[in-house]
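Participant: Starting from these lines, generate the structure:
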Amino acid sequence: MTTTPALDTSNAARALHLRERMADHCVALPGAFNGLVGRAVAQAGFEGTYISGAAVTASSGVPDVGIRSLDHFCKIIQEVADCSGLPLIADADTGFGEQEMVARTVIEYFRHGASGCHIEDQVFPKRCGHLDGKTLVPVDHFQEKIAAARRAADQCSDGAFVVCARTDARSTDGMDAAIERAIAYAEAGADMIFPEGLHAEKEFGDFAEAMKALPGPARGGGPFLLANMTEFGKTPMISRDRFEELGYSCVIFPVTTLRIAMHAVTSVLEAIKRDGSPASQLEDMQTRAQLYDLLGYTPGEPWDFPSPTAPRPG
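Facilitator: Got it, this is the predicted structure:
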């Protein structure tokens, strides 16, 4: 089994490592919805991972409408952080409440291993960012939530934790409104901006160009920028390299691993129902040896919870 050098896995060190990487290039963050997927992301050589609210809720059998609690999300964050050793950004939906809960969310996410989170400006109960029919909170109200998140991040992580503001304004009010909201959110303390539901490469480029005039840690100036590369949504398929050219600091692939996994699950269930056996699906399965390799487990030998491995330079 291939291993990589051990990393200082203190939560602040991981957050600072992610900041350093994003200041240098666009970091690919595949989604991990449990610890085993987190291990796979690390084994594949990625520098970080992402926890999607849509994937966490779907994997627990409910839709992405704010049903699962802060404690549920923290459990998944800790599992993925412990098993992968990677910096991770986690979806915090609308912050699980108002300013007090937003502050608690940041502190609990950081304690459980997250390096950053994004909070969105939708009215609760929220909708998936690539669905229509969304409603946004007033700008000044969301600025107060971002300011609370910034204060909490400074308190619990000495500023290392990344506070990301997501705006869904492109879908409700257009690009100009999305840019105006993003500027207001950066001024309130967000050091990363997530423009959700953009429709074209040009929109991503125009948005990034508008952010450069702001102070911030990103290469070229401005706040860090997060791009969402989700399948079957409003955004065309764009590569990590192209997002880097457009000025983005990281790109998430939020539900990709869940969609692939569940497609395979339904396929094998259909085969068992049809044939009475999974024999036709064996070539598409992870073998026992591959699973044990991913777990770092040798039968008959004591297994210690592994020290997480360092993200490989990229």
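
Participant: Gly216: what's it in contact with?
Facilitator: Ala186, Asp191, Gly222, Pro223, Phe224 (Cβ atoms under 8 Å, 6 or more residues apart in numbering). Where you see a C-beta, it was placed from the backbone N, CA and C, and this is true even at glycine.

Participant: Looking at these, which one is closest to Arg21?
Facilitator: Taking Cβ to Cβ as the measure, Arg21 lies nearest Phe224 of those, at 10.6 Å.

Participant: right, and that closest one touches Phe194 too?
Facilitator: No - assessed by Cβ atoms under 8 Å, Phe224 is found out of contact with Phe194, at 9.4 Å.

Participant: where does the protein have its least confident helix or strand?
Facilitator: Sorted by mean pLDDT, DSSP states H and E, the helices and strands of the chain end with helix 169-173, the least confident at a mean of 90.

Participant: Summarise which helices and strands that one is packed against.
Facilitator: The helices and strands touching helix 169-173, judged by 3 or more Cβ pairs under 8 Å, 6 or more residues apart in numbering; DSSP states H and E, are helix 175-188.

Participant: from the middle of its chain, how far away would the helix it packs on be?
Facilitator: How far helix 175-188 lies from its chain's middle: 21 Å, per Cα atoms, centre = their mean, to the nearest Å.

Participant: I'd like the mean pLDDT over that helix, please.
Facilitator: Here helix 175-188 scores 97 as its mean pLDDT.

Participant: What residues of that helix count as buried?
Facilitator: Using 16 or more other Cβ atoms under 10 Å as the test for burial, helix 175-188 gives Met175, Ala178, Ile179, Glu180, Arg181, Ala182, Ile183, Ala184, Tyr185, Ala186, Ala188.

Participant: what element comes up after that helix heading to the C-terminus?
Facilitator: strand 192-195 (DSSP states H and E).

Participant: my guess is Ile252 is in a helix, correct?
Facilitator: No - looking at Ile252 with DSSP: H, G, I helix; E, B strand; the rest coil, it is strand, so not inside a helix.

Participant: Hmm, it is touching Met229, no?
Facilitator: Yes - counting by Cβ under 8 Å, Met229 is a contact partner of Ile252 at 6.8 Å.

Participant: who's more crowded, these two?
Facilitator: Ile252 (25 against 22; other Cβ atoms under 10 Å).

Participant: And the pLDDT at that one?
Facilitator: pLDDT for Ile252: 98.

Participant: partner residues bridging it?
Facilitator: With DSSP bridges as the criterion, Ile252 is bridged to Leu29, Asn228.

Participant: residues touching it, list them.
Facilitator: Ile252 sits in contact with Leu29, Pro30, Gly31, Tyr50, Ser52, Ile89, Leu226, Ala227, Asn228, Met229, Thr230, where contact means Cβ under 8 Å, 6+ apart.

Participant: redo that, cut-off 10 Å
Facilitator: 27-31, 48-52, 89, 91, 118, 194, 226-230 (Cβ atoms under 10 Å, 6 or more residues apart in numbering).

Participant: where do the contact lists of Phe224 and Phe194 overlap?
Facilitator: With Cβ under 10 Å, 6+ apart as the test, Phe224 and Phe194 both reach Cys164, Cys250.

Participant: Across the sheet, point out what pairs with the one residue sitting closest to the centre of the chain.
Facilitator: In the chain, the C-alpha nearest the mean C-alpha coordinate belongs to Tyr50, at 3.0 Å (Cα atoms, centre = their mean). Tyr50 has these beta-bridge partners by DSSP bridges: Gly31, Ile89.
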